[in-house]
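*Asks:* here is my input; please provide its structure:
(2 chains)
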Number of protein chains: 2
Amino acid sequence: MPAKIIDGRPIAKRIQSEIASAVADFQAQSGAAPGLGVVLVGDDSASAMYVRMKRRACERAGLQSQARILPSSATQTEVEDAVRGYNADRGIHGILVQLPMSAHIDEEAVLNEISLAKDVDGIHPMNIGRLGMRGREPTFTPATPTGVMRLIEETGESIEGVQALVIGRSNIVGLPLALMLANANATVTICHSRTRDLPGTVRRADIVVAAVGQPEYVKGDWLKPGAIVIDVGSNSLPDPASEKGYRYVGDVEFESARAVAGYISKVPGGVGPMTITMLLSNTLKAARRSISG
Amino acid sequence: MPAKIIDGRPIAKRIQSEIASAVADFQAQSGAAPGLGVVLVGDDSASAMYVRMKRRACERAGLQSQARILPSSATQTEVEDAVRGYNADRGIHGILVQLPMSAHIDEEAVLNEISLAKDVDGIHPMNIGRLGMRGREPTFTPATPTGVMRLIEETGESIEGVQALVIGRSNIVGLPLALMLANANATVTICHSRTRDLPGTVRRADIVVAAVGQPEYVKGDWLKPGAIVIDVGSNSLPDPASEKGYRYVGDVEFESARAVAGYISKVPGGVGPMTITMLLSNTLKAARRSISG
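*Replies:* Have a look, this model is predicted:
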């Protein structure tokens, strides 16, 4: 029996509609909409596209959003000032710094400037530390891993005690996701480019999350039959048969994986819509906290 | 062939002698010895013993140490004031808050007060976050996991790419150790009380670190032949045959594990001496930074 397909779009749509309703309540109560401030440095076209998608999602849900778009020649101080400006702005409840930034910018120093109360991407080292530590709570959890956790929960299968495996250990996906899976009481294995016998390691996992950034890297015959497979990858491949000349594929070889897995998320339309949804959800949460404090 | 025994004492002694020599140089250069400030709340006898051991180790290596010993009735403010006092004290380069504290004290709030420049136990959430994140550096790494890494390195076996497994996910041992093993490019699995089939999971690991706090919990027949086994546990068991009436055992059943493992650390005398040594090393590092700044 082929895997059930996890389609993130209807799930995201349902949650975004709940968010829109809560945003309307918030606005009625406080007189203003929750506000997201985005900082974008340079003219990377993929980054610009992500920023546009976030702005449209904000509009649909009734949040207001601003973007500070700085040229790739911007100085460290200018970028940090953009963050500090949003920190001080009472109309901005959440701050998102679009990564990666130009190479000459000290990313760590910029991210450390974000006020913890507005760190809706959950990327401040203080929040990553709290995410991993027992008895600590981050102000926010990062959007993509939070979206992945929601997709896993949607299957209705248990996370507690099962073998979960994360391929990739980036600061914004792999690392925080491994910590969140451990918090949900999975037995978590962190794999990466230096892992020996990745297929054999993957084959033992009940939950596999691929966040490695390599097109169709994970093959179906690596998987344990019935596994839950979440594909965070979004890689464009040349495709002359497509109108655009390219198509998006994930980090998992979809057709071969579908034949073995119990569940598999779509690319595109799996994790992507959830990431934006979780960012909206965190911004709403930040706005609510700002008036309940 | 039974496992090679990893004896932490001669390794610790060698490193402490190097530290003592560097401390003498520091003192000649700066006019004062590196200083460690310890905060102890309550009258737990084990904690008091650990504090005494740290004081003696400081004396042997030429560091000066102070302890603020507060009654178990101390208020939150009094405990935080003790930390803030050390933060402001230019003769104190490293601060150690002995855990656990009395239940009425908000441990997180106390630890968050420690200046990052003096966080020689590497336990501040900011340092734990940086420890896990790519491209970030904590000011200090926690003493016990750092000592464990040194013991693994002493075997001369490769860490990169091998399967490493940590049993236990405490803030001061299991979690940071898993992050450090991943930084050393091991494929890391984090196990805990909810892990299903722990023996089967342990059997796949080339490196096993037990930090679970249960006497003789890990059995020899769980292990992969030739595995490196590091035992962080230190549990006292009643022993009428002993003069004191008790003896210390680790989290690993030593004799059965020794018959299967390639290397196994002693209890006592394995990780324990390394923990104190790494604390001295971090305090010296903090002192050096304070004058190079």
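
*Asks:* list the contacts of stretch A:273-284.
*Replies:* A:8-9, A:11-13, A:15-16, A:19, A:22-23, A:26, A:34-36, A:53-54, A:57-58, A:61, A:63, A:93-94, A:96, A:120-122, A:140-141, A:143-144, A:146-148, A:150-151 (C-beta atoms under 8 Å, 6 or more residues apart in numbering or on different chains). (Glycine included, C-beta is placed from N, CA and C.)

*Asks:* buried sites along it?
*Replies:* A:273-284 (16 or more other C-beta atoms under 10 Å in any protein chain shown).

*Asks:* same question for stretch A:78-86.
*Replies:* In stretch A:78-86, counting by 16+ other C-beta under 10 Å, buried: A:79-80, A:82-83, A:86.

*Asks:* turn those residues into a markdown table, columns for distance to B:V229 and secondary structure.
*Replies:* Output for these, formatted as a markdown table (distance: C-beta to C-beta, whole Å; DSSP: H, G, I helix; E, B strand; the rest coil):
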| residue | distance to B:V229 | secondary structure |
| --- | --- | --- |
| A:V79 | 48 | helix |
| A:E80 | 47 | helix |
| A:A82 | 51 | helix |
| A:V83 | 47 | helix |
| A:Y86 | 50 | helix |
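
*Asks:* what does the stretch 151-293 of chain A have sitting close to chain B?
*Replies:* A:160-163, A:169-171, A:175, A:178-179, A:182, A:185, A:187-192, A:194-196, A:201, A:204 (C-beta under 8 Å from any C-beta of the partner chain).

*Asks:* count the residues that sit near A:V110.
*Replies:* By other C-beta atoms under 10 Å in any protein chain shown, 19 other residues sit near A:V110.

*Asks:* my read: it touches A:D81, true?
*Replies:* No: using C-beta atoms under 8 Å, A:V110 makes no contact with A:D81, being 10.3 Å away.

*Asks:* show the pLDDT at A:G293.
*Replies:* A:G293 carries a pLDDT value of 62.

*Asks:* how about the strands of chain A, start to end?
*Replies:* A:4-6, A:35-41, A:64-70, A:94-97, A:163-167, A:187-191, A:207-210, A:228-231, A:235-238, A:246-249, A:263-265 (DSSP state E).

*Asks:* quick one: the helices in the stretch 1-150 of chain A?
*Replies:* Along the stretch 1-150 of chain A, counting by DSSP state H, counting those that start in this stretch, helices occupy A:8-30, A:45-61, A:76-88, A:107-113, A:125-132, A:143-154.

*Asks:* show me the shaky parts of chain A.
*Replies:* Along chain A, the model assigns pLDDT under 70 to residues A:293.

*Asks:* which residue is nearest the middle of it?
*Replies:* A:T144 (1.4 Å; C-alpha atoms, centre = their mean).

*Asks:* if I look at that residue, how far off is A:G270?
*Replies:* Separation of A:T144 from A:G270 (C-beta to C-beta, to the nearest Å) stands at 11 Å.

*Asks:* skipping adjacent residues, who's closest to A:K285 in space?
*Replies:* A:F140 (7.1 Å; C-beta to C-beta, 6 or more residues apart in numbering or on different chains).

*Asks:* doesn't A:P176 make contact with the one you found?
*Replies:* No: in terms of C-beta under 8 Å, A:F140 does not count as a neighbour of A:P176; the distance is 10.7 Å.

*Asks:* find residues that contact each of the two.
*Replies:* In contact with both A:F140 and A:P176: A:G122, using C-beta under 8 Å, 6+ apart.

*Asks:* name the residue in these two with the higher neighbour count.
*Replies:* Of the pair A:F140 and A:P176, A:P176 is the one with more neighbours under other C-beta under 10 Å, namely 29 against 26.

*Asks:* contacts only, for that one.
*Replies:* Contacts of A:P176 by C-beta under 8 Å, 6+ apart are A:122, A:128, A:131, A:141-142, A:145.

*Asks:* looking at the residues you listed, which one is closest to chain B?
*Replies:* Nearest to chain B, judged by C-beta to the nearest C-beta, of the contacts of A:P176 is A:I128 at 3.7 Å.

*Asks:* was I right to think the closest one contacts B:M126?
*Replies:* No: assessed by C-beta under 8 Å, A:I128 is found out of contact with B:M126, at 9.2 Å.

*Asks:* which one of the two is surrounded by more residues?
*Replies:* Neighbours were counted for A:I128 and for B:M126 using other C-beta under 10 Å; A:I128 has more, 28 against 22.

*Asks:* wait, A:A32 touches A:D89, no?
*Replies:* No: between A:A32 and A:D89 there is no contact, the gap being 11.7 Å when judged by C-beta under 8 Å.

*Asks:* so A:T195 touches B:T187, yeah?
*Replies:* Yes: proximity of A:T195 to B:T187 meets the contact threshold set by C-beta under 8 Å, at 4.3 Å.

*Asks:* show me chain A divided up by domain.
*Replies:* Domain assignment for chain A by automatic domain parsing gives A:31-115, A:143-272.

*Asks:* so for A:T195 and B:T187, which sits in the more crowded spot?
*Replies:* Comparing A:T195 with B:T187 by other C-beta under 10 Å, the one with more neighbours is B:T187, at 25 against 22.

*Asks:* which ones are touching the nearest residue to A:P273 once chain neighbours are set aside?
*Replies:* Closest residue in space to A:P273, ignoring its immediate chain neighbours: A:A12 at 3.6 Å, by C-beta to C-beta, 6+ apart. Neighbouring residues of A:A12 by C-beta under 8 Å, 6+ apart: A:273-274, A:276-277.

*Asks:* show me which pair in these is furthest apart.
*Replies:* A:M274 and A:I276 (7.5 Å; C-beta to C-beta).

*Asks:* burial count for the nearest residue to A:I207 once chain neighbours are set aside?
*Replies:* The shortest distance from A:I207 to any non-neighbouring residue, by C-beta to C-beta, 6+ apart, is to A:A164 (4.1 Å). Residues within reach of A:A164, counting by other C-beta under 10 Å, total 29.
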